[in-house]
Each structure stands twice: as C-alpha cells, then as structure tokens.
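Chemist: Got a sequence here, can you model it:
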Amino acid sequence: MTVITKKEQVVENYHRTLVSDPYRWLENPDKVEVKQWVDEQNEKTQSYLSTYPNRNEVKEKLINVWNFPKYTVPRKEGEYYYFHKNDGLQNQAVFYRTSDLQSGDLEVVLDPNMMNEEGTAAITNLSFTKDGKRLAYGISLNGSDWQEIYIRNLETGENEPDVIKWCKFSSIAWNEEGTGFYYNRFPEPGTVPAEEESFYNKVFWHELGTPQEEDILVFEDRDNKEHSFNPSFSDDYRYLILNVWKGTENKSRIYYKKLDEDGEFVKLLANDDARYNFIGNDGSKFYFVTNLDAPKEKIIAIDVEQPAKENWVDVLPEQEDVLNFADIIHDQFIVCYLHNAHYELKVFHKNGSLDKEIPLPNFVSISGVQGKRKDDVMYIGYTSYLAPATVSRFDFTTGALDPVFGQSSQFDTENYETTQVFYESKDGTQVPMFLTHRKGLELNGQNPVLLYGYGGFNVSLTPAFSPAQRMWIEQGGVYAVANLRGGGEFGEEWYKAGTLERKQNVFDDFISAAEWLISSGYTSVNKLAIMGGSNGGLLVAACITQRPDLYGAAICQVPVIDMLRYHKFTVGRYWVTDYGNAEESAEQFEYMYKYSPLHNVKEGTEYPPTLITTADTDDRVVPLHAKKFAATLQEVQQGDNPILLRVEKNAGHGLGKPTAKIIEEQADIFSFLFKVLEV
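Modeler: Next up is the predicted model:
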C-alpha cells in the first residue's frame, strides 16, 4: 500500500534563510488525521513485513534466545540482599530479596508485572533507609520519564499511604533515622505554563506519613530555571549535598548544607568549570571525581572547612585511561577505568596508591558494583558481546572472586569471538571498533554486517550482551560497534570532538567504519546495514542522507531528526550543549541546517531500504521526528526500496518496555534486515 501524506505551506525565516516545514501538522499527536496517518503507516509496514516468509521463525528464535534468567547485582540492606531477576520472558524483572544468596529462597518485594495489565510499569528509583526497614521506589508507566514515588514498609510488606508526584530524573535521600527524605521534583502541572513543566526543579523535605501538600520547600533557584538539583547525604549524614546539573552538559555544581546548622546552602563548586561527582567523605574532607584540568578524570579531595582551590588535593591523578566511575567500598576507592572502550576494575588505597586490579575477562563492561563503606565484600556484574551478565562476589580479605548466581549455559562462547580493530576516519583520527562473529569468518565481502553507533552525550559504547544481536551472529552475521567521537570512550576531548560545530566528525567516523568494513572484505554495500537509536537515530539518518549509496539497509530508532525545532519539545532543551540552538544562533543554525536529516533529504535520490521506529508516548525524543522524516523520505524516494515507519503504541523511549513488545519489535527489525539483505 502507498501512504499519501498531505503537505501544508509552512515556512520559517531562520537568520534570513527561508525553511519549509510542510509536514508540521504531524507534530500534533492528538489530531484525528495524525492518528489515522500513523495507523496507515503501521499497516503499510506490517504489510511489507508479512511478505517475508520466515518472520515467525525469526520470532521463535528470538523467544528462545531471550529465555534465560537475568539478574542484577545484589545489594545488602539491613538483613537482606536485594536484586532484580527476570525468569526469562517476564515483561518486567521482579524485585526480590533473600537472607542467603546461595539458598535460592526468594521473597518478592515488588512485581511490576502485577501493577498494570499492559506490563508497562517499570521500577525507576530505589532508595532504602539506613536500617533497611523502608524502601522508596519510583514507578514509571508506558516508558515515560515521569514517575511517582511510593513507600514500601519492608517489615509488613505493605505500602505506606505516601505518594510523591511530578518527579523526573529525581533522587531520594532518606535521613539517618528513616523518618523522611529529601527529593527533587518539577512544578505541579497548571502552576506554570505547559512548556515550562520541565523547568524550575526544586528540593523538598517529605515527612513520612504526611501528604505531599505539606512537604517543606528546601531549595529552589528561580534565577536558574534550567538547573536541576539531586539531593544526597554524606557518608556520616552530617551534610546534605545537592548535585546541580543543567541538561546533558558535562558540567555540574555542588552545594551543601550542614544539617546541624541553620542557614543557606553553601555553593562549594559553582563556577560551571567542570563536572563534579561526590563519592564520599571523611568528616569535612569531601571526595569528588572530576574532569577539572583532567579530560580523562581524576579523584580530588576538598576540605569544606578550607575550600580554597589551593588547598585541594589530587588524591588519584588523571591516568592514561578514562576514569569511568568510582566508589568507596571497604574504605578504599573502587575505580573503573575505560581502556580502549572496555572496562578494567582497580582498588586504590585512600592515599591514591594502587592496591590491586580485579581480574576480569577481556572485552567486558561492568554492569554494576555494590557494597558499602565498611563492607569486606562487594558484588560485581560484568557482561560481554558473547555472554549475558555474570554476577560475582569479591572478598577483599582473600582476593577471591566467585560467581553468585548460576551462569546461563545456553550460549556457546567457544565458537564465536570478539576482536577490536582501529580504522582511520576522514580526518586521520584512529577510531576503535568491536567486531563479533563466528570464528574462522571468511573475508569474502559477502557477510551480512550490522554496524551500530551512537556518538554523543559523552556516552561510551562498551561490550554488552543483546539476545537479538546474539541471534544475528548465530545466523552468520557480523555485529560491529564503532566507538565514535562524541562518546566518552577517551575522555572529555573525544566527547567534545563530536559536539556542536564538530558534530560532522561523528558522521564521518561512522561512514568511515562502513567503508573500512567493505574495503577489508567483511561485507559489501548490499550486505551492510546500519543501526542506531535516539542520538544514534540522528546518526543513521544523517549518514543515509549524506551517503545513501553506502548501505544495504538502515534501522533508524527513536531518532532526533528536526535539528531546527528539537529543543521545543519536552526535554529537548537539555541537548543544546551537544547540538546547539538554530533559533538563537545564526552560526549554530548554519552548521545544524547543513546536517539536519529532515532538511537534507534530496529529490531524485534512491535511499537504502529504511525502517524508522518510534513510540507514541515517547516523552524524551517525541515521535514527530520519526513521522516527519518518514513522510519526507517517502515523498522523494526513487526506486523500489521501502521507507517504512513503525510506531509502537503505549510505549516510550525504551524505558520499561515489556519483553513481549521488545521481542515483537526485534522480530520486525530482523525480519526486515533478513529480507532486504537476503540473509
């Protein structure tokens, strides 16, 4: 079927450049004609996919490869260990506790599968009281970033009457006694204009057992309406600390207040000169991970009684590898480093000297580290492209690293391998790329390759297990992940090299990865697919508009597409530090307009077979981007290559998506790939 999309005469003047926006009417999801158009697009997509005879077989393979137990890293709270577990095909993981990790005797604490019929309730926030007797937890519905916070009495197993609303990207900081907590939230709808409901973040104190209307305002900054404030306590509960952030900018501020003193918050770090992450304290000595004068990050100590910069101490100076995260467990620094985009875990004494390196397999990512300040053990989760997460217990006194939960044995790791290569980008920069496939792969140019990328917001693409990608390599495919500039794999400089006027570097890196895979004999144009989501969806869209001749297929997931208007919707304003603002700056308009996928679709061009995916309740990257891009590509497409749009109903940006919906979506994606690449 063919979907004819009407056009309207909408033109805007950007710094003396007239820009047409004929599909702006698709921005309103509540219009009947927009809903009808979405239904027609979905019908067209499913009609095309139904012509692939092996779709049911693909779905069955996905179900089989998905059906294994999945655990998160356990945390000890009070007398119990808490963790999430999905038996295999449950829509959402269940939150359990046990007094003995070896016993297998589990008690359900929270089961989001029972919270709504659609299976779209997701646990998004967990905060225990010091004694482990109460738990504050957030619930999000339909993939929304918004959440409501509830209180579970862990002795009775019942919820308290308290409900906290209007929370998004919020933190919960219980006081030492467990009688209440500090939290941050946005304004109640109706108290500010609708377009400012994600501004004016404030910190409140909530006394357990009282209605939210009685919560006490603790901090606000009406002069900086874009700032958000995440509260936490120091290790000794003497200080309330606010981590102050603005969108996705790689900078932060730190404010604090002594709880035994009246007065205002002290603005300890407020120069917007770097990012500071509080990791613990010894009395008035605060420890931070920071990128100040250290693009690959370091640990510093600041005595808040002598806060002048000349008194700061570099406890753990910048290293050759990027410091990814740090914590204090067993009264030592537990530090995770990124070495060529994979993880290494090291233990340092408080004076900064190396104690030991924890032996982990090559090419893994740390999926979690749990332990408390005085614990003699910690729990570590790590994963790879070849195997799902392993959870192990590390004993500081013996140095032993022992598995906690049984490892799934259904995945053959002997006959597959992950290697890493470095290829040259357009400007000569060496860019790493992971390649995962069967051992003994023949470089005959005929292997189906799925190339994945992101390249933005300081996000590092490190080894991770995906059941769908596992199925791909079992079918003879190669899964390639390029570590593009804009990510955090090599620190602040690598990240900034892919932002603002340097954003084209990201696209060049991805295009060069595709060219390298072809020239090295891994694949050919007809067998090469590219994939990315969110900012990675922008990546894919920009690359098919810049080099439509280079790919046999494209999967463009929940993409950012309209670079001239993205900042106007929900939390789009958070991304201005990465992308720019085309309305406010003529200079930024010039380079954004040059690559904005929506504005670089050209008539008379044959674009590769493309599947664009989005979700109707995505409140992070709103679906208007995908809709307008699909309509624009469909209008100009030359030849028979399909341009398809898939709009998931009652789903968001990916958060909390039920397993059943994930498998259904992946079945569509891989059926599309197998069909168009003739796998």
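
Chemist: what ranges of the stretch 1-150 of the chain fall below the confidence cut-off?
Modeler: Applying pLDDT under 70 to the stretch 1-150 of the chain picks out residues 1.

Chemist: residue ranges of the strands in it, please?
Modeler: Applying DSSP state E, counting those that start in this stretch to the stretch 1-150 of the chain gives strands spanning 11-14, 17-20, 70-71, 75-77, 80-86, 94-98, 107-110, 121-128, 134-141, 147-153.

Chemist: how about the ones you listed, which one is nearest residue 417?
Modeler: Evaluated over the strands of the stretch 1-150 of the chain, closeness to residue 417 peaks at strand 70-71, with 23.4 Å, by Cβ to Cβ. Any C-beta I mention is one placed from the backbone N, CA and C, and that applies to glycine too.

Chemist: Tell me the strands beside that closest one, with direction?
Modeler: Sheet pairing of strand 70-71 (DSSP bridges) gives strand 80-86 (antiparallel).

Chemist: Go ahead and name everything in contact with the partner strand.
Modeler: Contact partners of strand 80-86, identified using Cβ atoms under 8 Å, 6 or more residues apart in numbering, comprise 69-76, 92-99, 101, 106, 109, 123, 126, 128, 132, 154, 659.

Chemist: one step back: what would the strands of the stretch 1-150 of the chain look like in TSV with distance to residue 509?
Modeler: Listed next are the strands of the stretch 1-150 of the chain as TSV, based on distance: least, Cβ to Cβ, whole Å:
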stretch	distance to residue 509
strand 11-14	28
strand 17-20	28
strand 70-71	32
strand 75-77	38
strand 80-86	35
strand 94-98	39
strand 107-110	42
strand 121-128	33
strand 134-141	33
strand 147-153	35
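
Chemist: coming back round to it: if any of the contacts of strand 80-86 are buried, give me the ChimeraX selection for them.
Modeler: Those of the contacts of strand 80-86 that count as buried under 16 or more other Cβ atoms under 10 Å are selected in ChimeraX with:
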select :70,71,72,73,74,75,76,92,93,94,95,96,97,98,101,109,123,126,128,132,154,659
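
Chemist: which strand residues sit across from residue 432 in the sheet?
Modeler: So, taking DSSP bridges as the rule, residue 432 has residue 422 as bridge partners.

Chemist: Surely it is in contact with residue 421?
Modeler: Yes - the pair residue 432 / residue 421 is scored as a contact, 7.3 Å apart, by Cβ atoms under 8 Å.

Chemist: low-scoring pLDDT stretches of the stretch 151-300 of the chain, where are they?
Modeler: In the stretch 151-300 of the chain, no residues with pLDDT under 70.

Chemist: Just give the number of residues close to residue 4.
Modeler: Look at residue 4: counted by other Cβ atoms under 10 Å, it has 10 neighbours.

Chemist: Repeat that for residue 117.
Modeler: By other Cβ under 10 Å, neighbour count at residue 117 equals 8.

Chemist: for residue 375, same thing?
Modeler: Residues near residue 375, counting by other Cβ under 10 Å: 14.

Chemist: and it, what does it touch?
Modeler: Residue 375 touches 76, 329-330, counting by Cβ under 8 Å, 6+ apart.

Chemist: would you turn these into TSV with distance to residue 480?
Modeler: Putting the contacts of residue 375 into TSV (distance: Cβ to Cβ, whole Å) gives the following:
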residue	distance to residue 480
76	39
329	36
330	39
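
Chemist: any idea which of those is closest to residue 489?
Modeler: Proximity of the contacts of residue 375 to residue 489 (Cβ to Cβ) peaks at residue 329, which lies at 25.2 Å.

Chemist: could you show me where the strands are in the stretch 451-600 of the chain, in order?
Modeler: Going by DSSP E, counting those that start in this stretch, the stretch 451-600 of the chain shows strands at 478-482, 528-533, 553-557.

Chemist: Quick one: those as CSV, columns for distance to residue 271 too.
Modeler: Output for the strands of the stretch 451-600 of the chain, formatted as CSV (distance: least, Cβ to Cβ, whole Å):
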stretch, distance to residue 271
strand 478-482, 35
strand 528-533, 35
strand 553-557, 38
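
Chemist: Could you say which one of these comes nearest to residue 545?
Modeler: Comparing the strands of the stretch 451-600 of the chain under Cβ to Cβ, the one sitting nearest is strand 553-557, at 10.3 Å.

Chemist: roughly how far out does the closest one sit from the chain middle?
Modeler: 18 Å (Cα atoms, centre = their mean, to the nearest Å).

Chemist: wouldn't residue 312 be in contact with residue 304 here?
Modeler: No - Residue 312 sits out of contact with residue 304 when judged by Cβ under 8 Å, with a separation of 11.2 Å.

Chemist: The one helix or strand residue 667 maps to versus strand 553-557: what angle between them?
Modeler: Secondary structure assignment for residue 667, by DSSP states H and E: helix 659-677. Orientation check (axes from the mean of the first three to the mean of the last three Cα atoms, to 10 degrees): helix 659-677 against strand 553-557 gives 160 degrees.

Chemist: Residue 495 contacts residue 488, correct?
Modeler: Yes - between residue 495 and residue 488 there is a contact under Cβ under 8 Å: 5.4 Å.

Chemist: Can you pull the residues that touch both of the two?
Modeler: The contact sets of residue 495 and residue 488 overlap at residue 458 (Cβ under 8 Å, 6+ apart).

Chemist: re earlier: so for residue 173, which of the strands of the stretch 451-600 of the chain sits nearest?
Modeler: Of the strands of the stretch 451-600 of the chain, nearest to residue 173 by Cβ to Cβ is strand 528-533, at 31.9 Å.

Chemist: Report all helices and strands that the closest one contacts.
Modeler: If contacts are counted by 3 or more Cβ pairs under 8 Å, 6 or more residues apart in numbering; DSSP states H and E, strand 528-533 sits against strand 449-452, helix 504-519, helix 535-546, strand 553-557.

Chemist: Now the spatially most central residue of the chain. Nearest residue, chain neighbours left out?
Modeler: Centroid-nearest residue in the chain, with Cα atoms, centre = their mean: residue 459, separated by 7.7 Å. Counting by Cβ to Cβ, 6 or more residues apart in numbering, residue 459 lies nearest to residue 487, which is 5.5 Å off, once chain neighbours are set aside.

Chemist: Low-confidence stretches in the stretch 551-679 of the chain?
Modeler: Looking at the stretch 551-679 of the chain by pLDDT under 70, you get 651-656.

Chemist: which residues in it form helices?
Modeler: 576-579, 586-595, 624-636, 659-677 (DSSP state H, counting those that start in this stretch).

Chemist: Buried ones in the shortest one, by neighbour count?
Modeler: Okay, so that is helix 576-579. Neighbour-count burial for helix 576-579 [16+ other Cβ under 10 Å]: 576-579.

Chemist: Tell me, how many residues neighbour the nearest residue to residue 495 once chain neighbours are set aside?
Modeler: Using Cβ to Cβ, 6+ apart and skipping the chain neighbours, the partner closest in space to residue 495 is residue 458 (4.5 Å). Look at residue 458: counted by other Cβ under 10 Å, it has 21 neighbours.

Chemist: how about residue 458, what does it touch?
Modeler: So residue 458 contacts 248, 250, 487-488, 492, 495 (Cβ under 8 Å, 6+ apart).

Chemist: ditto for residue 150
Modeler: 136-139, 159-160, 162-164.

Chemist: Tell me the bridge partners for it.
Modeler: Here residue 150, judged by DSSP bridges, has bridge partners residue 137, residue 163.

Chemist: distance of it from residue 609?
Modeler: Computed as Cβ to Cβ, to the nearest Å, the residue 150 to residue 609 distance reads 45 Å.

Chemist: Output the strands of the stretch 451-600 of the chain as JSON lines; include the columns mean neighbour count and distance to residue 204.
Modeler: Output for these, formatted as JSON lines (neighbours: other Cβ atoms under 10 Å; distance: least, Cβ to Cβ, whole Å):
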{"stretch": "strand 478-482", "mean neighbour count": "25", "distance to residue 204": "42"}
{"stretch": "strand 528-533", "mean neighbour count": "26", "distance to residue 204": "34"}
{"stretch": "strand 553-557", "mean neighbour count": "26", "distance to residue 204": "36"}
